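> Please work out how this folds:
(one chain, ligands or ions: 2)
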Amino acid sequence: MNTVPTFQRKSIQRDAILEVLASTKRHPDAIWVYEKVKQQIPNISLGTIYRNLSELSKNGMILELHAKDNVKNYDFTVSNHAHFVCSSCGSITDVSSTDNTVSTIDGNHIDYMSVMYYGVCKDCLKTAN
Ligand SMILES: [Zn+2]
Ligand SMILES: [Zn+2]
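Ligands and ions are numbered 1, 2, ... in the order given. As a prediction, this is how the structure comes out:
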């Protein structure tokens, strides 16, 4: 039987999720995270993954991206940065073209920014040529 106390089990699950997110640059969705965490914690449920991901993003420990319809993607990098979303392969990558050091724009104060570029990524362009 599992004798680990609930609070401790919770943080083990949370830590495993954070570890999985930290190990990748691909901005995965909950299903991908679930498949990876399951390798460490076989009895974890998809509901637990969803709950933890939403808690972590509310606490500002991860970013929740709304880059695509009906799916949320997650990012371990929480500092201001822009994303490129490929319409061909669906990949989401970090891009550096936007000045993320500005704190005002047209006289308005910026708390955070969320910039999403859409198009065809360089890997897909290569295979198309
Ligand atoms: Zn692509
Ligand atoms: Zn990112």
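> longest single helix anywhere in this protein?
In the chain, assigned by DSSP state H, the helix with the most residues is helix 6-22.
> So what's the gap between it and the chain middle?
What separates the centre of helix 6-22 from the centre of its chain is 15 Å, taken as C-alpha atoms, centre = their mean, to the nearest Å.
> And for stretch 10-25?
Put simply, stretch 10-25 sits 11 Å off its chain's centre (C-alpha atoms, centre = their mean).
> so what does the longest helix of the chain touch, helix or strand wise?
If you count contacts as 3 or more C-beta pairs under 8 Å, 6 or more residues apart in numbering; DSSP states H and E, helix 6-22 packs onto helix 30-38, helix 46-58. All C-beta atoms are positioned from the backbone trio N, CA, C, and that covers glycine.
> With just CA atoms, put that helix into PDB.
Provided in PDB are the C-alpha atoms of helix 6-22 (Å, rounded to 0.1, in the frame of the first residue of the first chain):
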ATOM      1  CA  THR A   6      -1.300  13.100   0.900                       C
ATOM      2  CA  PHE A   7       0.600  16.400   1.100                       C
ATOM      3  CA  GLN A   8       3.900  14.700   0.300                       C
ATOM      4  CA  ARG A   9       2.400  12.700  -2.500                       C
ATOM      5  CA  LYS A  10       1.000  16.000  -3.900                       C
ATOM      6  CA  SER A  11       4.400  17.600  -4.000                       C
ATOM      7  CA  ILE A  12       6.000  14.500  -5.500                       C
ATOM      8  CA  GLN A  13       3.400  14.700  -8.300                       C
ATOM      9  CA  ARG A  14       4.000  18.400  -8.700                       C
ATOM     10  CA  ASP A  15       7.800  18.000  -8.700                       C
ATOM     11  CA  ALA A  16       7.600  15.300 -11.400                       C
ATOM     12  CA  ILE A  17       5.400  17.500 -13.600                       C
ATOM     13  CA  LEU A  18       7.800  20.500 -13.200                       C
ATOM     14  CA  GLU A  19      10.800  18.200 -13.900                       C
ATOM     15  CA  VAL A  20       9.200  17.000 -17.100                       C
ATOM     16  CA  LEU A  21       8.400  20.500 -18.200                       C
ATOM     17  CA  ALA A  22      11.900  21.700 -17.400                       C
END
